[in-house]
Each structure stands twice: as C-alpha cells, then as structure tokens.
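J.: Sharing a sequence plus its predicted fold:
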Amino acid sequence: MIERLRIAIQKKGRLADESFAVLRKAGLRFAIRGDGLLARVTNLPIDLLLVRDDDIPNFIAKGVADIGIVGENVFAEELNLAENLDAEIVRRLGFSRCRLCLAADPDGPVRSIGDLSKTMIATSYPGILGAYLAAQKIDATPVEMKGAVELAPRIGIAPSICDLVSSGATLEANGLEVFETIMESEAVLIRSSQPLSASKNQMFTRLLSRIDGVIRSKETKYIMLNAPKSAIAAISKILPGSDAPTIIPLAGEGDLVAMQAVCTEAVFWETLEDLKATGARSILVLPIEKMMS
Ligand code: ATP
Ligand code: ZN
C-alpha cells in the first residue's frame with residue numbers, strides 16, 4: 001500500500017490562499033469543503049491537513065503531518081519555545097512577507113531600543129522577543145497577548161509592542177511607530193527532521209521539484225524583441241539572469257535580428273527602458289507557465 005504524504009496548511013487566514021495556490025500550481029487537485037480538517041488530493045497520494053498556523057510546527061515535529069507551510073515567524077517562535085523541535089525549513093516560498101517589529105507611541109516614553117530597559121513589551125511572540133532581548137542584553141519583559149497587541153500601549157499594559165507589520169496601517173491607526181525590526185518573515189515549507197518512509201519520500205522529492213518550478217517560474221519571464229545586430233552584445237548584458245539568448249535573422253530586414261531569452265530574474269519597466277535605449281524594438285515580456293530543469 002502506498003502511504004499518503006500529509007501536508008499541514010493553514011485552513012483560513014493570511015497564508016491559506018497562497019498555500020492552496022502553490023499546491024494547485026504544483027499539480028495537486030483537491031476540493032476544500034466547509035469544516036473538514038482533512039482534504040484528499042485526488043490525483044496523487046497526498047492528504048492536506050487544514051489547521052491553525054500555530055499548530056503546524058508541532059504537528060510536523062510530532063509526526064502528525066510530514067511537511068507543512070507556515071510563516072517563518074511562527075516557526076521561529078516554536079523553535080524558541082521548544083527545547084528541541086524536530087522540524088526544519090526546506091524552502092522559502094516568497095509570499096506572506098512581513099516583519100516582526102518593535103513599535104511605540106512616538107510621543108511616549110519609549111522611542112528607541114535604548115529606552116526599553118525595565119519596561120514591559122506586549123507581544124504574541126514572547127519566544128522570539130525573549131531571544132532578541134537576551135542577545136541584545138536588554139533588560140525588558142515580554143508580556144504575552146494572543147491578539148489585539150496594538151491596543152496594549154493605549155490601555156496601559158505596556159509602553160511598547162512587538163508585533164507583525166506589513167503595510168504599517170494598523171500601527172498607524174493606533175498611533176504607533178516602528179523603531180526597530182527584529183525579524184523579516186515569509187512563508188516557508190517545513191518538514192520533519194526524521195527520515196520519511198520510502199514511498200512518502202519519493203512523493204516528497206517529486207513535489208519539491210515541482211514547487212521549485214513554481215517558485216522559479218513566478219519571476220521567470222520569456223523576453224522577445226527585435227534589434228540591430230550591433231546591439232546584440234549590449235542587450236545580452238542587460239537581460240536579467242538569462243543564458244545565451246536565441247538569435248534569429250529577420251527575413252528581408254538585413255540588419256535586424258529577433259532575440260529571445262528566458263530571464264530568471266525580475267524584469268522591471270527600467271529593464272525595458274534600458275533595452276530600448278540600446279536600439280531594441282517590439283519588446284515582449286511573456287509569463288512562463290511551468291518549468292522543469
Ligand atoms: P490562525 O487562525 O491560523 O491562527 P492567525 O490569525 O494566527 O491565523 P494570520 O493573521 O492569518 O494568522 O497570519 C498568518 C501568517 O501570515 C502570520 O504568521 C505571518 O507569517 C503572515 N502575516 C501576518 N501578518 C501579515 C500581513 N499583514 N501581511 C502578510 N502576511 C502576514
Ligand atoms: Zn495563528
């Protein structure tokens with residue numbers, strides 16, 4: 001019997017949609033129904049375990065699931081709290097980016113890390129914050145709050161907070177300003193540090209190679225353009241992260257060639273402007289649907 005690889009992902013929240021999207025792009029077919037905790041992948045020996053994000057690192061460490069997608073912040077928090085967490089990061093996935101920051105009312109008593117000594121700091125991340133304070137030799141005390149951390153200064157729980165920030169709008173709405181970033185975070189793929197059974201490992205290796213393809217194809221573009229022969233060298237230098245471009249003579253256009261290349265790094269408007277300045281014309285940037293090398 002083939003064992004089914006079990007992937008833990010967030011059921012609802014800021015990680016959920018992108019986690020489902022990555023797995024769907026990797027070719028997994030599944031339907032998410034109402035309150036179900038388990039979703040069966042219909043075309044591969046994989047099951048999805050749909051849970052709260054905070055539970056994911058421990059589920060993996062305890063073998064309830066084999067791999068999972070979670071915010072690096074949550075993984076780091078569990079790593080700091082547990083003596084020994086039997087789980088590790090395999091890939092950074094590039095979505096749900098945010099920062100864990102220290103923030104306070106700029107008109108209050110705490111304006112920089114130099115003012116933290118002997119104060120309380122409200123946070124949902126006492127593990128990461130505690131490790132940071134110890135490393136920086138700052139004598140402050142984390143006060144754990146499970147939610148609504150941004151309200152702590154106003155109701156007198158603590159003069160500063162340590163919380164996740166992406167746009168900063170929530171902080172601003174509460175009259176708070178960031179004065180230090182203690183961690184940058186994004187979604188990560190984690191796995192159990194224990195070896196997987198042979199059949200699960202085979203599925204995992206296959207899935208990982210597909211996920212790598214999904215990550216790479218996100219930034220990778222196919223560029224097509226026309227250019228005078230004299231500009232070929234300059235253009236090749238500008239094309240971001242490409243191997244040797246394909247060069248094709250254009251029928252009836254003596255001096256002009258068509259150039260095509262796969263670019264593995266982001267292609268910005270500035271890149272196109274630079275290409276145009278060398279003499280390139282009819283520049284097309286096309287998305288790449290799938291890749292495997
Ligand atoms: P759950 O119900 O699963 O416990 P939650 O309320 O703890 O959910 P979410 O708010 O959905 O968590 O955030 C999940 C993860 O998304 C965070 O741990 C973090 O990695 C990332 N994240 C948090 N805030 C943002 C943000 N503003 N923008 C993008 N990603 C974020
Ligand atoms: Zn959570």
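T.: Perfect, I can see it now. Ligands and ions are numbered 1, 2, ... in the order given.

J.: okay, now the domains of this protein?
T.: Using automatic domain parsing, the domain parsing of the chain gives 5-95+187-217, 98-185, 220-287.

J.: For ligand 1, what is the nearest residue in the stretch 51-200 of the chain?
T.: The minimum distance from the stretch 51-200 of the chain to ligand 1, using Cβ to the nearest ligand atom, falls at Gly71 (2.1 Å). C-beta: built from backbone N, CA, C; applies to glycine.

J.: From the centre of the chain, give me the residue that's furthest out.
T.: Gly252 (48.1 Å; Cα atoms, centre = their mean).

J.: What backbone torsions are found at that residue?
T.: Backbone dihedrals for Gly252, given as degrees, to the nearest 10, come out at phi 70, psi 10.

J.: Tell me the pLDDT of it.
T.: For Gly252, the pLDDT comes out at 82.

J.: any idea how far ligand 2 is from it?
T.: Distance, Gly252 to ligand 2, using Cβ to the ion, to the nearest Å: 63 Å.

J.: and Asn174, how many neighbours does it have?
T.: For Asn174, the count of nearby residues is 17 (other Cβ atoms under 10 Å).

J.: OK, contacts around the residue nearest to it when sequence neighbours are not counted?
T.: Spatial nearest neighbour of Asn174, excluding adjacent residues (Cβ to Cβ, 6 or more residues apart in numbering): Glu150 at 4.5 Å. Listed by Cβ atoms under 8 Å, 6 or more residues apart in numbering, the contact set of Glu150 reads 161, 163, 170-171, 174, 176.

J.: now the residues you listed in JSON lines, with pLDDT?
T.: Below are these laid out as JSON lines (pLDDT from 0 to 100):
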{"residue": "Ile161", "pLDDT": "98"}
{"residue": "Asp163", "pLDDT": "97"}
{"residue": "Thr170", "pLDDT": "92"}
{"residue": "Leu171", "pLDDT": "95"}
{"residue": "Asn174", "pLDDT": "95"}
{"residue": "Leu176", "pLDDT": "97"}
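
J.: Spell out which residues of the stretch 151-293 of the chain are next to ligand 1.
T.: 164, 166, 185 (Cβ under 6 Å from any ligand atom).

J.: Leaving out sequence neighbours, find the closest residue to the residue positioned nearest the centre of the chain.
T.: The centre of the chain sits closest to Gly94, judged by Cα atoms, centre = their mean, with a distance of 2.8 Å. In space, and not counting its chain neighbours, Gly94 is closest to Glu186: 6.0 Å by Cβ to Cβ, 6+ apart.

J.: Give me the contact list for stretch 13-23.
T.: Outside stretch 13-23, the residues that reach it (Cβ under 8 Å, 6+ apart) are 7, 9-10, 30, 32, 48, 53, 69-71, 93, 95-96, 187, 211, 214.
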